[in-house]
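Colleague: below: sequence and its predicted model.
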Amino acid sequence: MITTELAIIGGGPAGLSAAISAASLGAKVILIDRSENLGGQLIKQTHMFFGSQKQYASIRGVDIAGILMKDLEKYQDSIEIMLDATVISVYEDGVIAVEQNEKYIKIKPQSIIVATGASEKFLTFPNNDLPGIYGAGAVQTLMNVHGVAPGKNVVMVGAGNIGLIVSYQLMQAGINVKAILDASPKIGGYLVHASKIRRMGIPILTSHTVKYAHGNNKLEKVTLCRLDEKWQQVPGSEFDIETDVLCISVGLSPLTELLWQQGCEMKYVPELGGHVPVRNDNLETSIKGIYVAGDVAGVEEASSAMVEGRLAGLCAAKALGYNSPDLEDKKNDCLEQLNSLRSGHVGEKIRSGLSKVTV
Amino acid sequence: MLEKTGVATEQDLQKAIPSKERLAKGPVAIIECFQRIPCNPCYTSCKKGAIKEFEDINDTPEINVEICNGCAVCVSNCPGLSIVVVDETYSEQEALVKIPYEFLPLPEEGSFVTGLDREGKAVCRAKVVKVLNTKAMDRTPIVSLAVPKDLSMTVRFMKLNDIYSDNTFVCRCEELTMGELRELIRKGFNTIDEIKRISRAGMGPCQGRTCRQLIMQELAAATGAKMSEMPISTFRPPVKPIKLGTIAGGADHE
C-alpha cells in the first residue's frame, strides 16, 4: 500500500491549486486524475477568464492550466502525479482505491482533498437518446481537445455561462449555432457573453424548452415550445428547427460519491447544484482530514475553484503540521478573494447556498 | 430588456455613449458592460488611468472619457469583449469602429465586409482599415472598420462575406444590383425617388418593402446623407399590385 500525507482527488483548477499550495508549505502530495492530462475543464476553455489578476483574469482557461502546471513543476519533488487513474472508492478507514491501467492500487493518505468537480445535468424529452444530442462538456471535449466537429448545426439548450461560451466556441469553429434557448425568463449567464452571441445574429429564446427530438438513427429536427410565467408549456406554441446537434447545458451536479462513501454530512442545496458537503471556513468536511474544493463543494466558476483549492491546500497542510510565517495572511487573502468573487449580483445564489452548508 | 434578450437597450446605452463634443475630439472607448459581475481587467489594463479604480470587483466600469485616448488596449483585454473604440474624426463621412474579432480567417486590410448591429443584423458595408493582431493582444485581434458616421453607435460586429458586393440584388422585384445602384449614385441620382424613376426599384410586386431601406442605406453610405433627413419616396395607391379588373369592377355600394 502506498502511503502519503495528502491525497488530492481531481487535477482540475481546484485540485491543481490545492496541490501547489499544500506542496509550497512542504506537504507530500499525491495528485490523482482520471484523464490523461491535468487541468480538468480548464484545457477546453479557449475564452478569457473573468475575475481579477489574482485569478488570472483576461487569460484564456487553457493557458491558465499551463500556468498552474508550471507552478506544479516547482514542487515536483513533493508531488506525485497519477494520471489515467480513477479513484473508485474511499473506504471508512481512509484507504483510497485507484484503478490505473487496469490495476487496483491502494493509497493510505493522512488527509484527503476531494476536488472531483461536477457532472452535467440532463433533460427528459422524447427521443433524448438520439445520436447528435450531447452535453455541452462533451461538445467542448470533441471540439477543443480532439479537434472534431460535433456536427453542422447546433441548437443549444441553456443560456447560462457554459451554454453561451460553448455556443461562441462552436461559431469560432465554423459550426452554425441556430438558436440558444432557456426555460428561464432571464438569461442566466453573464450578459456580456449573451451580447457577444447576439451580435453574431444568434437568437436567444428565453422561456422556451425542448418538447421532442426527431430523427431516424440520428437527430434531424427538434420541436421547441414556449413556456408561460409558471414555466408550463404553452399549447400551440410549438415550432421546429432542423438541426443535427442538440447541445444540453442545463447546469452541473457536484460529483460527491466519494464524500458519501466517507460518511461526510451532506445537504441538498439547489443553489449549489444538488447535494454538497457541510464544511467549515477551512473547507474541511464533517470528517476530520477530509477537505473539499471546487465544484464538488458547490457549483461555481473556475476562478473561485482555484481560490478554494489554494485555501484547502493551505489548511490541509497546516493540519498536517506544516507552517509558514505568512500562512494566516495567505489564508485571509483567499477568503477575501472568495468574498469579492461572490459579492456581486450573480454571486447572490452562491452566497445563499453557502450560508446553508458552512458551519 | 438586456436580461431577456442579451441586447443592450437605448437606456443601457445612454450610460455608455459619450457626448457629441467628446466624440468630435477623436477616438474613445465605449464600454458596453452593464451587469455587476466579478471582473476588472479593463481597469487593470488601462495605462492611462481612464477607468476608475474598482472599489468592489463587481462594480461596472466607469470611464473618464476626457482621459481616454482610445488606445484600445482594454478592447482585447476585456474577457466579455464588451468594449469597442469609436473614432468619429476618421473622415468627413465615416467613423472608425474598432472591434475585437476572435475568428479565422481574419479579414484583409482594404477589403469590404458586412457591418452588423447588436442583434447581428446587417446594417452597412464596412471597409477594413486595419487588422491588429500583436502578441500582447493574445489572440483577440482588433479590426478597424470604416462605417457611415451615423452608424458609429450601431455597428458592433462584422461578417466576412460582403453582402453588399456589386452583384448582390438590392431590389429583387426589378432586379437592381448593388453595382448598378452604386453606378446610378455616382451619376448623380441622389434621392430614393430619382433611383426609383430611373431603375424602377420599388415599383415591383413588393412595392419597395425590400429595397427602400437598403437603397437609403447605400445612399447614406455613398453620399454621407443622414437617413433621418433623407426625403422618402411618395406612396401612391394601390399599396400592393392588384388587377385592373378589380378596380374596373367598381366598389360594391356603387
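Modeller: Happy to help now that I have it.

Colleague: now for the residue nearest to A:Val299 when sequence neighbours are not counted, how many residues are close by?
Modeller: Computed as CB to CB, 6 or more residues apart in numbering or on different chains, the closest residue to A:Val299 that is not its neighbour in sequence is A:Gly273, at 3.6 Å. To be clear about C-beta, it is placed using only N, CA and C from the backbone, and glycine gets the same treatment. Other residues within reach of A:Gly273, judged by other CB atoms under 10 Å in any protein chain shown, total 23.

Colleague: same check on A:Lys186?
Modeller: When neighbours are defined as other CB under 10 Å, A:Lys186 has 13 of them.

Colleague: contacting residues around it?
Modeller: For A:Lys186, the contact set (CB atoms under 8 Å, 6 or more residues apart in numbering or on different chains) comprises A:206, B:3-4.

Colleague: at 6 Å instead, please
Modeller: Counting by CB atoms under 6 Å, 6 or more residues apart in numbering or on different chains, A:Lys186 makes contact with B:Glu3.

Colleague: and B:Ser19, by the same measure?
Modeller: Applying CB under 6 Å, 6+ apart, no residues qualify as near B:Ser19.

Colleague: for it, give me phi and psi.
Modeller: Note on B:Ser19: backbone dihedrals following degrees, to the nearest 10 are phi -70, psi 160.

Colleague: may I see the buried residues of the helix ranked longest in chain B?
Modeller: Ranked by number of residues, the top helix in chain B under DSSP state H is helix B:211-223. Burial within helix B:211-223, assessed by neighbour count using 16 or more other CB atoms under 10 Å in any protein chain shown, is assigned to B:211-212, B:214-222.

Colleague: flag whichever of these scores worst on pLDDT.
Modeller: The lowest pLDDT within the buried residues of helix B:211-223 belongs to B:Ala221, with 79.

Colleague: now do the helix or strand A:Ala316 falls within: everything it contacts.
Modeller: Here A:Ala316 sits within helix A:302-319, counting by DSSP states H and E. Outside of helix A:302-319, the residues within contact range by CB under 6 Å, 6+ apart are A:6, A:13-14, A:17-18, A:21-22, A:25, A:27, A:51, A:55, A:111, A:113, A:282-283, A:291, A:293-294, A:330-331, A:334, A:337-338, A:341.

Colleague: among these, which ones are buried?
Modeller: Among the contacts of helix A:302-319, those classed as buried by 16+ other CB under 10 Å are A:6, A:13-14, A:17-18, A:21-22, A:25, A:27, A:51, A:55, A:111, A:113, A:283, A:291, A:293-294, A:330-331, A:334, A:337-338, A:341.

Colleague: excluding chain neighbours, what is closest to the residue nearest the centre of chain B?
Modeller: The C-alpha lying nearest the average C-alpha coordinate of chain B belongs to B:Val155 (CA atoms, centre = their mean; 3.1 Å). In space, B:Val155 comes closest to B:Gly115 once its chain neighbours are excluded; the distance is 4.0 Å by CB to CB, 6+ apart.

Colleague: counting contacts, what elements does the host helix or strand of the one you found pack onto?
Modeller: With elements taken from DSSP H and E, the one containing B:Gly115 is strand B:112-116. The helices and strands touching strand B:112-116, judged by 3 or more CB pairs under 6 Å, 6 or more residues apart in numbering or on different chains; DSSP states H and E, are strand B:122-132, strand B:157-159.

Colleague: now do 10 Å
Modeller: strand B:94-100, strand B:122-132, strand B:142-148, strand B:157-159 (3 or more CB pairs under 10 Å, 6 or more residues apart in numbering or on different chains; DSSP states H and E).

Colleague: just checking, which of the contacts of helix A:302-319 belong to helices?
Modeller: A:13-14, A:17-18, A:21-22, A:330-331, A:334, A:337-338, A:341.

Colleague: buried stuff in stretch B:62-80?
Modeller: Applying a neighbour-count criterion of 16+ other CB under 10 Å, one finds B:63, B:65, B:68-70, B:72-80 buried in stretch B:62-80.

Colleague: filter those residues down to the ones near chain A?
Modeller: The subset of these within reach of chain A, counting by CB under 10 Å from any CB of the partner chain, consists of B:74, B:76-80.

Colleague: and of these, the nearest to chain A?
Modeller: Sorting these by distance to chain A puts B:Gly80 at the head of the list, at 2.8 Å, by CB to the nearest CB.

Colleague: ok, now which ones touch the closest one?
Modeller: Under the criterion of CB atoms under 10 Å, 6 or more residues apart in numbering or on different chains, the contact partners of B:Gly80 comprise A:47-48, A:50, A:190-196, B:31-33, B:35, B:37, B:39, B:41-42, B:100.

Colleague: now distance to B:Glu92 too, for the buried residues of helix B:211-223, in JSON lines please.
Modeller: Formatted as JSON lines, the entries for these read as follows, by distance: CB to CB, whole Å:
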{"residue": "B:Cys211", "distance to B:Glu92": "27"}
{"residue": "B:Arg212", "distance to B:Glu92": "26"}
{"residue": "B:Leu214", "distance to B:Glu92": "23"}
{"residue": "B:Ile215", "distance to B:Glu92": "22"}
{"residue": "B:Met216", "distance to B:Glu92": "19"}
{"residue": "B:Gln217", "distance to B:Glu92": "18"}
{"residue": "B:Glu218", "distance to B:Glu92": "18"}
{"residue": "B:Leu219", "distance to B:Glu92": "16"}
{"residue": "B:Ala220", "distance to B:Glu92": "13"}
{"residue": "B:Ala221", "distance to B:Glu92": "13"}
{"residue": "B:Ala222", "distance to B:Glu92": "13"}
